[in-house]
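Engineer: Dropping a prediction and its sequence here:
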Amino acid sequence: MWFSAKLCFFLVFIASNFGAFVRSDGGKATDCFQCLWDGSGSSNCADNPDKVISCSTGYCYTNVNAKGILGRGCVGKDDGFVTSNENCESRKGKCILCSDQVKCNNHKLKELKCYEATYTISDPIIMTNTHSKVCAWALEDLGCYHLEKNGKIEKGCMSNLDEQTRAQYQADNDVEICTRENCNSMVVKQLKCSQCSNEKDVNCADPTALQNTADCSQVSSSCLVGIDKNGATHRTCGTTEQQAKDKFEKYEMCHGTTCNDHIFPEHRLKCLQCQGGSDCELKTPESKQNLKPKVCEIYTDKEKCYTYYENGGKVYRGCMTDQTDSRKSCEKNDSNCQKCDESGCNDKSGAKKVKVSLLLGVTLATAVIFGLLR
């Protein structure tokens, strides 16, 4: 009699609590945290939810809706926030399902700052603290983005975008996405500029001699080539127009990787440049093939090429702005120096000039001797 009463009581208990142990789809029911928070005031909902409800569907959720309201609860058609699993799964990064344990929906909000700005490549903006904005709440590291298309730049938080736009950006090769705070600081996605200066490099003016590049993507959207007051050539990342005017007598800025690797100014003089080697005499077809005009290292619009014939027979060629001993000798010994002002014009053989000089010397010496004998 006692056993029968006890068994009956147990069956009644099971029947009355069946919904708490069995999900509506036949699985196990669970408990979920339940709360709502719009971000105003103080609330345990974000970091330490405490209200618990029984969930017959067995699926708990954490969700941030389009209005930025945080919600936790049990998925179901009677829930005013998330009515189905599909509804949550379609909102990646903004809604998370769980069913692995009791009160599993205690997911933490991801807080992030990203730079927000819109500008054109031709009128860039360098990111500062004023451009750093707090992103809308998310439940995953959705990150910051940098969109670069058709000369326009757009930066912002991925969590601020609607689901459709966010999906488009994630699949777009023109969009750079990163997940660290303010990681979208680049002015442009990728930009390398030729980098050199006559103050440090052998001949920054000559594009064929360029070797180094600089990553300018964090500081500029353009490359620059400029001539300073001393005629030296500089190649580097672009600056503002005012900074360029303050530093250079002539300059040019351009957009595109290593776009500053050309001769500047375009029509500056080229001269044959050599210092006494066998090729410098230009006596053979091979030497003429080996020795080609090169851009003069220092720029001036009054530049000239020279050929200097040393009395010992050696030949020197270069630019009149060169800081070489042969150029200095050329200025001091005009009779042994030929000058010209067209690109590649100092390409005449040196033998004839030397012979003429020797012949003049012999003639003068003969005249002097003849005068003395008289």
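Structural biologist: Here it is on my side, so go on.
Engineer: can we go C-alpha only for contacts and neighbour counts from here?
Structural biologist: Fine.
Engineer: so what are the domain limits for this structure?
Structural biologist: Here the domain parsing of the chain from automatic domain parsing is 17-98, 113-178, 192-254, 270-356.
Engineer: Mean pLDDT added to those, as a markdown table?
Structural biologist: Below are these laid out as a markdown table (pLDDT from 0 to 100):
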| stretch | mean pLDDT |
| --- | --- |
| domain 17-98 | 86 |
| domain 113-178 | 94 |
| domain 192-254 | 92 |
| domain 270-356 | 89 |
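Engineer: Output those domains as CSV; include the columns mean neighbour count.
Structural biologist: Formatted as CSV, the domains of the chain follow (neighbours: other C-alpha atoms under 10 Å):
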stretch, mean neighbour count
domain 17-98, 18
domain 113-178, 18
domain 192-254, 19
domain 270-356, 18
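Engineer: Those domains into TSV, with extra columns for distance to residue 184?
Structural biologist: Shown next, in TSV, are the domains of the chain (distance: least, C-alpha to C-alpha, whole Å):
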stretch	distance to residue 184
domain 17-98	19
domain 113-178	6
domain 192-254	9
domain 270-356	39
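Engineer: Please name whichever of the ones you listed is nearest to residue 264.
Structural biologist: With distances scored as C-alpha to C-alpha, the stretch of the domains of the chain nearest to residue 264 is domain 192-254 (7.2 Å).
Engineer: Distance from the chain centre to that closest one, please.
Structural biologist: Offset of domain 192-254 from its chain centre (C-alpha atoms, centre = their mean, to the nearest Å): 16 Å.
Engineer: can you tell me which of the domains of the chain comes nearest to residue 105?
Structural biologist: Closest among these, using C-alpha to C-alpha: domain 17-98, at 5.6 Å.
Engineer: need the contact list for the closest residue in space to residue 69 that isn't next to it in sequence.
Structural biologist: Leaving aside its chain neighbours, residue 69 sits nearest to residue 38 (4.4 Å; criterion: C-alpha to C-alpha, 6 or more residues apart in numbering). By C-alpha atoms under 8 Å, 6 or more residues apart in numbering, the contact list for residue 38 reads 68, 69, 70.
Engineer: For stretch 32-44, measure first residue to last.
Structural biologist: 15 Å (C-alpha to C-alpha, to the nearest Å).
Engineer: hmm, back to that, let me know which of the domains of the chain is the nearest to residue 106.
Structural biologist: Closest approach to residue 106 among these is made by domain 17-98 (7.1 Å; C-alpha to C-alpha).
Engineer: Tell me, how many residues neighbour residue 181?
Structural biologist: 16 (other C-alpha atoms under 10 Å).
Engineer: and what of the one 4 residues further on?
Structural biologist: Neighbour count for residue 185, taken as other C-alpha under 10 Å: 23.
Engineer: Could I get the contacting residues of it?
Structural biologist: Neighbouring residues of residue 185 by C-alpha under 8 Å, 6+ apart: 115, 126, 127, 218.
Engineer: what does residue 274 give?
Structural biologist: Taking C-alpha under 8 Å, 6+ apart, we find residue 274 in contact with 280, 316, 317, 318.
Engineer: Is it bridged to anything, and to what?
Structural biologist: residue 317 (DSSP bridges).
Engineer: can you put the contacts of residue 185 in TSV and add distance to residue 325 and secondary structure?
Structural biologist: Output for the contacts of residue 185, formatted as TSV (distance: C-alpha to C-alpha, whole Å; DSSP: H, G, I helix; E, B strand; the rest coil):
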residue	distance to residue 325	secondary structure
115	56	strand
126	47	coil
127	50	coil
218	44	coil
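Engineer: Can you tell me which of these is nearest residue 180?
Structural biologist: Of those, the one sitting nearest to residue 180 (C-alpha to C-alpha) turns out to be residue 115, at 11.2 Å.
Engineer: What strand or helix carries residue 245?
Structural biologist: Take DSSP states H and E as the rule and residue 245 turns out to sit in helix 241-247.
Engineer: From what I see, residue 347 and residue 272 are in contact.
Structural biologist: Yes: taking C-alpha atoms under 8 Å as the definition, residue 347 is a contact partner of residue 272 at 6.8 Å.
Engineer: quick revisit: specify which member of the contacts of residue 274 is nearest to residue 168.
Structural biologist: Using C-alpha to C-alpha, these come closest to residue 168 at residue 318, 58.5 Å.
Engineer: What distance do you get for that closest one to residue 38?
Structural biologist: To residue 38, residue 318 is 76 Å away according to C-alpha to C-alpha.
Engineer: what's the answer for residue 304, then?
Structural biologist: 76 Å.
Engineer: Now the one residue sitting closest to the centre of the chain: phi and psi?
Structural biologist: The chain has residue 217 as the residue nearest its centroid, 2.3 Å off, counting by C-alpha atoms, centre = their mean. With angles defined as degrees, to the nearest 10, residue 217 sits at phi -60, psi -30.
Engineer: what's the answer for the one 5 residues further on, then?
Structural biologist: Listed backbone geometry of residue 222 is phi -140, psi 160, with angles given as degrees, to the nearest 10.
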